[in-house]
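1. I need the structure of the sequence given here:
(one chain, ligands or ions: 2)
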Amino acid sequence: MTGALGQSLAKVLGTRTSGALHKLGLETVEDLVRHYPRRHSAPGELTDMAALRDGEHVTVMAEVRTATIRQMRSRGGAMLEVLVTDGRQSLSLTFFAKRAGVLRMHEDKLRPGRVGLFTGTVGSYKGKRQLVHPDYLIVGVDAADADEATIEASRPIPIYPAAAAVPTWRIGRSVRTVLDPLTEADVPDPIPESLRLAHGLPTLLEALRGVHVPTDQAAIDAATHRLRYEEALVLQTALARRRADRQSHAATSRVGVAGRLLDAFDTRLPFPLTAGQLRVGEEIAVDLARETPMLRLLQGDVGAGKTIVALRAMLRVVDAGGQAALLAPTEVLAAQHERTLRDLLGPLAQGGMLGGADVATRVTLLTGSQGSLARRKALGEAASGGAGIVVGTHALLSETVQFAELGLVVVDEQHRFGVEQRDALRTRGERVPHTLVMTATPIPRTVAMTVFGDLETSQLTERPAGRADTVTHVVPADNAAWMTRIWDRVREEVDAGGRAYVVCPRIDGDVPEDDAGDDPASDDPASDDPASGEEPAPDVADTLGAKPTKRPLEAVSEVAERLRGLPALAGIAVGVMHGRLSGDEKDAAMEAFAHGRTPVLVSTTVIEVGVDVPEATVMVVLDAEHFGLSQLHQLRGRVGRSTKPGLCLLVSHAEDGTLSYERLTAVAETSDGFALAEKDLELRREGDVLGAAQSGGRNSLRLLRVVRDADLLAVARDDARSLIDSDPTLASSPALADAIAMWLGEREEFLERT
Ligand code: ADP
Ligand code: MG
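-> Residues are numbered from 1 along each chain as shown. Ligands and ions are numbered 1, 2, ... in the order given. Next up is the predicted model:
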């Protein structure tokens, strides 16, 4: 960065001021002018002081009532006590000094009747709220002060994200010092002029003046809107460029061949495909026929029938002479997928074997916990092309696995934003396989557009016919009668041939309760890697309103013991399942559950994704308020997978009227995963959605909000795509290219994950 914006603050403002601003991470003129006000307060309008909290760093606007200097006999020295008010609340400001004379300067300014901005940390003394040594700015008095003009002209006053060391008014003054001399030529605008004019937006300089030195609310609004659009455009152009980049790689066109596997499979299917499955199938067929790699995200609620869609895509590729890899987030799911695909394909999966169909191929499972013999065989089948379909975890794309002709990678259950497809989508070599990413956690359209703005998306919205719905209830944990009824109900289901999941937030009881379900790492989507951990901790980012509790959270091992001792469940075997079991143990646990040897399975969220046991009819989620909305929705998708209706009981200590309770009720009342995902997004902080993309950082998304600005994002995406189409290198929009480079520099990590 060069020019006026690139200048260091030390040079422009001097080292004392720049040293203070450094504490806020502000180094250059650009950093400072991009440090937008959090809000604006109108002069004369006294800030409501009712909400002041101890320890909070605040700026209040108030009127001085009294100012009194007193000698302090006990401690020696003098004290100035100033009482200010907003008309209802009052607050005391205290200043201490060795000699009273030092306090006169303050006393002289802080005259009764004067209005000012006071900045400091709220404390209390003898039950009264106070600010000790606050910074202040008196309207109409601080004449030597550049702020005066602003205030006197009755302009809105910017209130900045501040720190104790750098009060908001000092930031404001510094901003103006650097902003005032800037000209249009000094401030290159990332928004190309054609777009700016088309949308009727102010220039960047105008917008910066609009937020920092606004004349009125309308100016603030226009400036803010422009800055939001700018953020959306930078983000979307970065994504559009990535998309164009990917599409510059060649892929092999895979055109279906009539009369082969896919046709044979369709004939075999015991049910008609839904309209959605057919439509998405067509979208994929068109993509696969291209010589640019498909990059498609398939969203479909739990049970929507994504597996069939994926399998049909894989068969199309096999028909065209390629191989397909199906990646699952865990080994349990990989093994299950392999069984499912074999079942669905029947003789079509017995290529080269007695009884196999002529057109048949083979399905091979390749996982880390396989014995070396099985693994060597699987590696051989992948390398020779003998297996048309190779199923595994993400480790499958590691260096050691060779494919004869990999044409399609399907990533299943890509339910944590951005994590799993990292490897799958990484382009390597000249020719790249087509990629289909499937997610069962419905991603709100808005997030999909932001985080996955460079993917095409397909949705399966309807559920296959003949599937019963799952009824969900919230059950208060302290209602003994209800709790008894739950286990009776589990017994009834098991007696009728059903199975029950009991989900707990923890594995065992020896974990200190404060750690339980409260792993800060799970706030970060990047650290939550099911492929390695297989134990998605209860999604804390997702559990807004679940307040920390002193009561230990329910743990798998303890609950299993308890259930084994319950008279209601006498004679019923109880199994356990969690991420700390080995691959074999997990398989064995699932197997015993699926076949009814242990019809009750106490588990962590490891069963959250994909696990398919049609006989499972009940799910009891303990400490349900510790799970996220989408996670609960995902979990309950494990029941009601046959024609028998499912029952999901959310057992919770959340009290009626709390946000936690409201969230559980939302899950109980909404069976539409997309609606729930939108609701989830509304209820939690945006920062949690985009993770690093939105939290902190100097040039991250500051003003843009995914939900609120959905329309803006859509407009920006279209603009960005046409920009990149006509000017792939952004040669004629250097300021935009620079903005992206800066954004990418800071967001590398984020985009890497995207
Ligand atoms: P998802 O992966 O989207 O959660 P699945 O692909 O596992 O869903 O499908 C759920 C169940 O519905 C499976 O048992 C599958 O065989 C069945 N299914 C899929 N498509 C149809 C259809 N068109 N009609 C009836 N059942 C279907
Ligand atoms: Mg599935």
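
2. show me which residues of the stretch 301-450 of the chain sit near ligand 1.
-> For the stretch 301-450 of the chain, the residues in contact with ligand 1 (C-beta under 6 Å from any ligand atom) are 302-308, 440. (C-beta placed from N, C-alpha, C; glycine too.)

3. go with 8 Å
-> Listed as neighbours of ligand 1 in the stretch 301-450 of the chain under the rule C-beta under 8 Å from any ligand atom: 301-310, 340, 344, 412-413, 438, 440.

4. quick one: which of those sit in helices?
-> If you go by DSSP state H, those have 306-310, 340, 344 in helices.

5. hang on, the earlier thing: buried subset of the residues of the stretch 301-450 of the chain next to ligand 1?
-> Among those, those scoring as buried are 301-310, 340, 344, 412-413, 438, 440 (criterion: 16 or more other C-beta atoms under 10 Å).

6. show me how the protein divides into domains.
-> As recorded under automatic domain parsing, the domains making up the chain are 1-43+157-187, 45-154, 261-460, 470-670.

7. mind putting these in JSON lines, mean pLDDT included?
-> Shown next, in JSON lines, are the domains of the chain (pLDDT from 0 to 100):
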{"stretch": "domain 1-43+157-187", "mean pLDDT": "86"}
{"stretch": "domain 45-154", "mean pLDDT": "79"}
{"stretch": "domain 261-460", "mean pLDDT": "84"}
{"stretch": "domain 470-670", "mean pLDDT": "79"}
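
8. could those go into CSV alongside distance to residue 233?
-> Formatted as CSV, those follow (distance: least, C-beta to C-beta, whole Å):
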stretch, distance to residue 233
domain 1-43+157-187, 15
domain 45-154, 30
domain 261-460, 11
domain 470-670, 24
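
9. re the thing from before, restrict the ones in helices among the residues of the stretch 301-450 of the chain next to ligand 1 to those near ligand 2?
-> Contacts with ligand 2 within those, counted by C-beta under 5 Å from the ion: residue 307.

10. dihedrals phi and psi, the nearest residue to residue 41 once chain neighbours are set aside?
-> Using C-beta to C-beta, 6 or more residues apart in numbering and skipping the chain neighbours, the partner closest in space to residue 41 is residue 157 (5.2 Å). Note on residue 157: backbone dihedrals following degrees, to the nearest 10 are phi -100, psi 120.

11. okay, now residue 157: neighbour count?
-> Other residues lying near residue 157 total 25 when counted by other C-beta atoms under 10 Å.

12. so it makes contact with residue 172?
-> Yes - in terms of C-beta atoms under 8 Å, residue 157 counts as a neighbour of residue 172; the distance is 7.4 Å.

13. now the closest residue to ligand 2 within the stretch 151-300 of the chain: how far from residue 458?
-> With C-beta to the ion as the measure, residue 300 is the residue of the stretch 151-300 of the chain nearest to ligand 2, at 8.3 Å. As judged by C-beta to C-beta, to the nearest Å, residue 300 and residue 458 stand 8 Å apart.

14. the more surrounded of these two?
-> Counting neighbours by other C-beta under 10 Å for residue 300 and for residue 458 shows that residue 300 has the greater number, 25 against 22.

15. one step back: tell me which of the domains of the chain lies nearest to residue 225.
-> Taking C-beta to C-beta, domain 1-43+157-187 is the member of the domains of the chain nearest to residue 225, at 12.8 Å.

16. just confirm residue 392 is within a strand.
-> Yes - inclusion of residue 392 in a strand is indicated when DSSP: H, G, I helix; E, B strand; the rest coil is applied.

17. just list whatever residues bridge to it.
-> residue 327, residue 366 (DSSP bridges).

18. same question, residue 70
-> Beta-bridge partners, per DSSP bridges, of residue 70: residue 79.

19. ok, back up a step: let's have the ones in helices among the residues of the stretch 301-450 of the chain next to ligand 1 in CSV, adding distance to residue 289.
-> CSV is the format used below for those (distance: C-beta to C-beta, whole Å):
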residue, distance to residue 289
306, 21
307, 22
308, 20
309, 17
310, 17
340, 27
344, 24
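
20. ok, the ones in helices among the residues of the stretch 301-450 of the chain next to ligand 1 vs residue 556, which is closest?
-> For these, the nearest to residue 556 is residue 340 (25.9 Å; C-beta to C-beta).

21. follow-up on the earlier one: tell me which two of the buried ones among the residues of the stretch 301-450 of the chain next to ligand 1 sit farthest apart.
-> 301 and 344 (20.1 Å).

22. state which helix of this structure is the longest.
-> What stands out as the longest helix in the chain, according to DSSP H, is helix 217-247.

23. quick check, the helix or strand following it touching ligand 1?
-> On the C-terminal side of helix 217-247, the closest following helix or strand by DSSP states H and E is helix 261-268. No - Helix 261-268 lies apart from ligand 1 when judged by C-beta under 8 Å from any ligand atom; the minimum separation is 11.3 Å.

24. who's in contact with whichever helix or strand comes after helix 261-268?
-> Downstream of helix 261-268, the first helix or strand assigned by DSSP H and E is helix 275-289. Applying C-beta atoms under 8 Å, 6 or more residues apart in numbering, the contact partners of helix 275-289 are 253-256, 273, 294, 296, 298, 300, 304-305, 308-309, 312-313, 316-317, 320, 408, 434, 436, 456, 458-462.

25. for helix 275-289, buried residues please.
-> Buried residues in helix 275-289 (16+ other C-beta under 10 Å): 276-277, 280-281, 283-285, 287-288.

26. closest to ligand 1 out of those?
-> Closest approach to ligand 1 among the buried residues of helix 275-289 (C-beta to the nearest ligand atom): residue 277, at 5.7 Å.

27. now residue 105: how far from ligand 1?
-> 72 Å (C-beta to the nearest ligand atom, to the nearest Å).
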